[in-house]
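Colleague: Kindly generate the corresponding structure for this input.
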Amino acid sequence: MARAFGNQPGGILSLDALLEEHSEAIEYDLIALGLRLRQLSDEALSWRDLWAIVKFLPPDSALMRTMHPEDHRWRLEQHLLAEMTDCLRWLVWSKSDDARNGRNRPERISRPGAESDRERVGTAMGVDRINEFLGWSE
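Modeller: Next comes the predicted model:
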């Protein structure tokens, strides 16, 4: 999609490829605007019009949801709410006996694409190796 909207040649070809891959989502977005894909190349909808519409679709449009399924679920509001919840949970925990003893720190709400900040200790090993380590093997 970036190629269709950059300063590189091939805008119509890139737009055509985007249409081929995501035609249903683009059709849905056009219908929401009172247009139809079948009007493309008519006076009602030129290739330039379609280019401008697709380029400036909002983040919650059908096209953006199909192209970036994880991103559309977590918009700014959801990230802010998760951050506020994490802060409140940390504040409550910080006044507890657990905080004074440095244990049971609250887990952050998982976010798309983010790794857990919890430190993992140790490595996984098979039962045979554990038995050998403990001296339980025959």
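Colleague: drop to CA atoms for contacts and neighbour counts, all remaining ones
Modeller: Will do.
Colleague: report the longest helix in the protein, please.
Modeller: In the chain, assigned by DSSP state H, the helix with the most residues is helix 11-32.
Colleague: I'd like to know which elements that helix is packed against.
Modeller: When contacts are defined as 3 or more C-alpha pairs under 8 Å, 6 or more residues apart in numbering; DSSP states H and E, helix 11-32 packs onto helix 2-5, helix 47-55, helix 62-67.
Colleague: do you know which of those helices lies nearest Asn104?
Modeller: Asn104 lies closest to helix 62-67 among the helices and strands packed on helix 11-32, at 37.0 Å (C-alpha to C-alpha).
Colleague: average model confidence for that closest one?
Modeller: The pLDDT scores in helix 62-67 average 91.
Colleague: ok, back up a step: name the residues of the longest helix of the chain that come out as buried.
Modeller: Applying a neighbour-count criterion of 16 or more other C-alpha atoms under 10 Å, one finds 11, 14-15, 18, 22, 25-30 buried in helix 11-32.
Colleague: quick one, which of the helices and strands packed on helix 11-32 is nearest to Arg105?
Modeller: Proximity to Arg105 (C-alpha to C-alpha) singles out helix 62-67 among these, at 34.8 Å.
Colleague: gap between that closest one and the chain center?
Modeller: Centroid separation for helix 62-67 versus its chain: 11 Å, with C-alpha atoms, centre = their mean, to the nearest Å.
Colleague: Show me what that helix is packed against.
Modeller: helix 11-32, helix 69-73.
Colleague: So what touches it?
Modeller: By C-alpha atoms under 8 Å, 6 or more residues apart in numbering, the residues outside helix 62-67 that reach it are 22, 25-26, 28-29, 57-59, 71-72.
Colleague: Thanks a lot, see you next time.
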